[in-house]
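Student: Pasting a predicted model and its sequence here:
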Amino acid sequence: MSASTITPVLVRLKLSLLRNGLRQSSGRRAAYVASAVLTLLFAAAQLIGLIALRGHAHAASVVVLLVAVLALGWAVMPLFFPGGDETLDPTRLVMLPLRPRPLVRALLASSLVGIGPLFTLCLLAGSVIAVAHGATAYAVGVVGAVLALLVFVALARAVAAANIRLLTSRKGRDLAVLSGLVIAIGAQLVNFGAQRLGSSGLGQLDPAADVLRWVPPASAIGAVDAASEGAYGVALVQLALTAGALAALIAVWSRHLTRLMTEPDGSTLQAAAETAVRESTGLGRLLPAGRTGTVMERSLRYIWRDPKTKAAWVTSLAIGMIVPLFNALQGTGSLYFACFAAGMLGIQMYNQFGQDTSAFWMVAMTISDARDAYAELRARALALLVITLPYATLVTVLTAALLADWSRLPEALGLSFALLGAMLATGAWTSARFPYSIPQEGYKNVAPGQVGLAWISIFGGMIAAALLCAPVIALTIWLNITADGEDWRWLLLPVGTAYGAAITFAGLRLAAPQTAARLPEILTAVSKG
């Protein structure tokens, strides 16, 4: 089948997939229409903003960086949103008598159908208008915009084809769950960059833009700026770089596509051997013997393997570092913000049994009294401490280094350890009193009808943890306002550490009888997802 024959077929197939997807439910149709409207409104606002940038001294730097960031978005989109486009999986066409070259052309054409390409085209058009001056520059801009759009699409396709085995596996689903984290971190980075630009001006973008204007696809917009200044040779070279990048991406895509269409899937051939290696050389050797080591290993494996648990941990780790460090970089932070890391990680102690779902019955079978329940909770808390203690220390030290405030490092560490201990204590108690189910499918983290339990467990526990830390907080304030307190602030490190350990021990002791007495209720609550 030739490219001229298959291309309209795949374009119509893409349109049919979009249309049939909207017919599945009114909720999906409303969500799609709402997202399309919001995307187009945002694209229109971006277009107007870029046109308003025309004539600005640093307009070229802004649009070149914008196109580079847009290319990064297209590159990571297939990894975090593999279900957003059903045609990203070429293995669905493996049984059809199609040759790679016509198939590549047809898939490239069908990829231009959708809201994403339309949004990108609006931004490229605005970028061209922002820097183009003269008929020649506009002509170069038309060619450059088309080349850049094709590079975006080919980049996404090449990344998807190279990672399709990953995207259709459990690890691929893990990446999809983590997409919200990427958006959150990206928003923080954008906010940080906007504040830096607001204080320092757009001129600081010029060095990065001078480099990126030679990197495809940003070089396509760099060519427009070069043509506006009369440097037609430079513009031609930059367009050639973009065209060369497009050819290279299509070649890489075609090679991966050929392999996918002709080779068998051997992704599970070594699964048994790899499992045996993991069992013989895993972290079990580093953990204590008996029940404590077994429960710790199970909890750590949940963190690594379960998509929802992994997403919660990675989010806490990232935000726990972003908040104190970004505030320190902006010059508006305080060393006490480092306690945010301990607080974010301490939340992971809440609803400990929810991550077990209906498999909690196996845990319940091993608990016959409060002593067994205490051993179970203690091992889970120790598993958290393996990660949280060094991480909270690292964040506190990095924040102190950025602020050059080493004198307050001991008290900040003492406060972090006290807060962490209080959250472990309240987390153990709320896990027994207010358990709730975590659905394994979809993006919801709480089963329907249990939202109230989740709010009580998390926010009630956080308030209780803050109140439990009141003695250490009061001691910190007293040492900071007294005349001779500066000489004794170092005591907050051992005091906070001891207080955190004591409050953790007390919380686990109080939660153990509750856990042993409420095993049927806990199993019922965590099995609803």
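Tutor: That came through fine. Numbers count the residues shown, from 1 in each chain.

Student: list the buried ones in stretch 507-522?
Tutor: Buried residues in stretch 507-522, counted by 16 or more other CB atoms under 10 Å: 507-508, 511-512, 514-516, 518-519, 522. No exception for glycine: its C-beta is placed from N, CA and C like everyone else's.

Student: Now do the helix or strand containing Ala30: which elements does it pack against?
Tutor: Per DSSP states H and E: Ala30 is located in helix 26-52. Counting contacts by 3 or more CB pairs under 8 Å, 6 or more residues apart in numbering; DSSP states H and E, helix 26-52 is packed against helix 3-23, helix 115-131.

Student: Whatever helix or strand comes next after the shortest one: how far from the chain's middle?
Tutor: To tie it back to what came earlier, the one meant is helix 115-131. Scanning forward in sequence from helix 115-131 by DSSP H and E, the next helix or strand is helix 135-162. How far helix 135-162 lies from its chain's middle: 27 Å, per CA atoms, centre = their mean, to the nearest Å.

Student: if we can go back for a sec, so can I have JSON lines of the helices and strands packed on helix 26-52 showing distance to Met349?
Tutor: Listed next are the helices and strands packed on helix 26-52 as JSON lines, based on distance: least, CB to CB, whole Å:
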{"stretch": "helix 3-23", "distance to Met349": "40"}
{"stretch": "helix 115-131", "distance to Met349": "40"}
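
Student: Return the most buried member of these.
Tutor: helix 115-131 (a mean of 21; mean count of other CB atoms under 10 Å).

Student: how about the CA coordinates for it, as CSV?
Tutor: Once non-C-alpha atoms are left out, helix 115-131 reads as follows in CSV (Å, rounded to 0.1, in the frame of the first residue of the first chain):
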residue,chain,number,x,y,z
ILE,A,115,-5.7,20.1,19.7
GLY,A,116,-2.0,19.7,20.5
PRO,A,117,-0.7,20.5,17.0
LEU,A,118,-3.2,23.3,16.7
PHE,A,119,-2.0,24.8,20.0
THR,A,120,1.6,24.5,18.9
LEU,A,121,0.9,26.0,15.5
CYS,A,122,-0.6,29.1,17.3
LEU,A,123,2.5,29.5,19.4
LEU,A,124,4.8,29.1,16.4
ALA,A,125,2.7,31.7,14.4
GLY,A,126,3.0,34.1,17.3
SER,A,127,6.7,33.5,17.6
VAL,A,128,7.2,34.2,13.9
ILE,A,129,5.1,37.4,14.0
ALA,A,130,7.1,38.6,17.1
VAL,A,131,10.5,38.5,15.3
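
Student: Look up how far Ala137 lies from Ala36.
Tutor: Distance, Ala36 to Ala137, by CB to CB, to the nearest Å: 32 Å.

Student: what about the two, which has more around it?
Tutor: Ala137 (22 against 14; other CB atoms under 10 Å).

Student: dump the residue contacts of that one.
Tutor: Residues counted as contacts of Ala137 (CB atoms under 8 Å, 6 or more residues apart in numbering) are 131, 224, 227-228.

Student: still on that earlier bit, any chance of the buried residues of stretch 507-522 in JSON lines with distance to Met365 as columns?
Tutor: Shown next, in JSON lines, are the buried residues of stretch 507-522 (distance: CB to CB, whole Å):
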{"residue": "Gly507", "distance to Met365": "25"}
{"residue": "Leu508", "distance to Met365": "21"}
{"residue": "Ala511", "distance to Met365": "19"}
{"residue": "Ala512", "distance to Met365": "17"}
{"residue": "Gln514", "distance to Met365": "18"}
{"residue": "Thr515", "distance to Met365": "14"}
{"residue": "Ala516", "distance to Met365": "13"}
{"residue": "Arg518", "distance to Met365": "15"}
{"residue": "Leu519", "distance to Met365": "9"}
{"residue": "Ile522", "distance to Met365": "13"}
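
Student: Pick the one among the residues you listed closest to Gly293.
Tutor: Using CB to CB, Leu508 is the member of the buried residues of stretch 507-522 that sits closest to Gly293, with 17.3 Å.

Student: Pick out the most distant pair among the contacts of Ala137.
Tutor: Among the contacts of Ala137, Val131 and Ala227 lie farthest apart (CB to CB), at 9.2 Å.

Student: what residues are shared contacts of those two?
Tutor: Among the neighbours of Val131, those also in contact with Ala227 (CB under 8 Å, 6+ apart) are 137, 141.

Student: hmm, back to that, what's the closest of the buried residues of stretch 507-522 to Ala243?
Tutor: Ile522 (62.2 Å).

Student: And the closest one, how close does it get to Val153?
Tutor: Taken as CB to CB, the span from Ile522 to Val153 is 50 Å.

Student: ditto for Leu329
Tutor: Between Leu329 and Val153 the distance is 36 Å, computed by CB to CB.

Student: Those two: who's more crowded?
Tutor: Val153 (23 against 15).

Student: what pLDDT does that one get?
Tutor: We have a pLDDT of 90 for Val153.

Student: Same question for Ser26.
Tutor: At Ser26, the model reports a pLDDT of 69.

Student: Could you point out the helix or strand that follows the helix holding Ala30?
Tutor: helix 59-80.

Student: quick check: angle from that next one to helix 26-52?
Tutor: Between helix 59-80 and helix 26-52, the angle comes out at 160 degrees (axes from the mean of the first three to the mean of the last three CA atoms, to 10 degrees).

Student: List the buried residues of helix 59-80.
Tutor: Quick answer for helix 59-80 (16+ other CB under 10 Å): 59-68, 70-71, 74, 77-80.

Student: swap in stretch 328-335?
Tutor: Under the neighbour-count criterion of 16+ other CB under 10 Å, stretch 328-335 has 328, 333, 335 buried.

Student: Sort the residues you listed by pLDDT and name the bottom one.
Tutor: When the buried residues of stretch 328-335 are compared by pLDDT, Gly333 scores lowest at 72.
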